[in-house]
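1. mind folding the following:
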Amino acid sequence: MANRVTVNIPDEKLGAILDFKVEKTVELPSGRIATFRKGLGRDMMRAQKILQAMNDEMTNPFALSCALASVLGRIDDKPFTYFEIMEMDIPEATALAGAASENFSSRGRETSPPSSASGSNAVN
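-> Below you'll find the predicted structure:
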C-alpha cells in the first residue's frame, strides 16, 4: 500500500487553488501535458509542509521543486501528488520539477544607487 499525505486546506483558501489559470504548459516525455498556475508565497509554504510530512530534506532543491510542482501543477487536467512524482521515471520527474522551479528561480533586478556626483545641482 502506498504512503499518502493529506494536506488540509482551509475553505477560504480553496478559491485560489480552484481558480486554476494556466501560466505554463509543458509536454512531458510520456506525451502527457502538464500545466502550471502562477506560484504564490503560500504555495512555497505548502510545498515545505509536504516535505515535512514526507520526512524529506527541505534543503534539497529537487525535492522542493517536486513538492512545488505537486502544489502548482496538473497532468492532463488532473492534480497529482508529490508521492506520484517520486514514483515517475526520472525524465518525467525532472521535467515537472524543472517547470515548477522556474516559478521561484528568478531573482529581483539589481540596481545601483544613483550617483550623487553626476548631474547633481549641489547648493553650497
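
2. what bridges to Gly73?
-> In this entry, Gly73 is beta-bridged to Phe36, by DSSP bridges.

3. number of nearby residues for it?
-> 22 (other CB atoms under 10 Å). (C-beta placed from N, C-alpha, C; glycine too.)

4. list the contacts for it?
-> Contacts here follow CB atoms under 8 Å, 6 or more residues apart in numbering; on that basis Gly73 touches 34-37, 79-80, 96, 99-100.

5. hmm, 10 Å instead?
-> Listed by CB atoms under 10 Å, 6 or more residues apart in numbering, the contact partners of Gly73 are 20, 22, 24, 26, 34-37, 79-80, 85, 96, 99-100, 103.

6. wait, doesn't Met45 sit right on Val71?
-> Yes - the pair Met45 and Val71 passes the contact test of CB atoms under 10 Å, sitting 9.4 Å apart.

7. more neighbours, those two?
-> Between Met45 and Val71, counted using other CB under 10 Å, the more crowded position is Val71 (27 against 11).

8. what's whatever helix or strand the more buried one lives in packed up against?
-> With elements taken from DSSP states H and E, the one containing Val71 is helix 61-72. Contact here means 3 or more CB pairs under 10 Å, 6 or more residues apart in numbering; DSSP states H and E; on that basis helix 61-72 packs against strand 22-27, strand 33-37, helix 41-53, helix 82-86, helix 90-101.

9. again, only this time at 7 Å
-> In terms of contacts (3 or more CB pairs under 7 Å, 6 or more residues apart in numbering; DSSP states H and E), helix 61-72 is packed against helix 41-53, helix 82-86, helix 90-101.

10. I'd like those helices laid out as CSV, including distance to Phe62.
-> Putting the helices and strands packed on helix 61-72 into CSV (distance: least, CB to CB, whole Å) gives the following:
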stretch, distance to Phe62
helix 41-53, 11
helix 82-86, 10
helix 90-101, 6
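
11. I appreciate the help and will end here.
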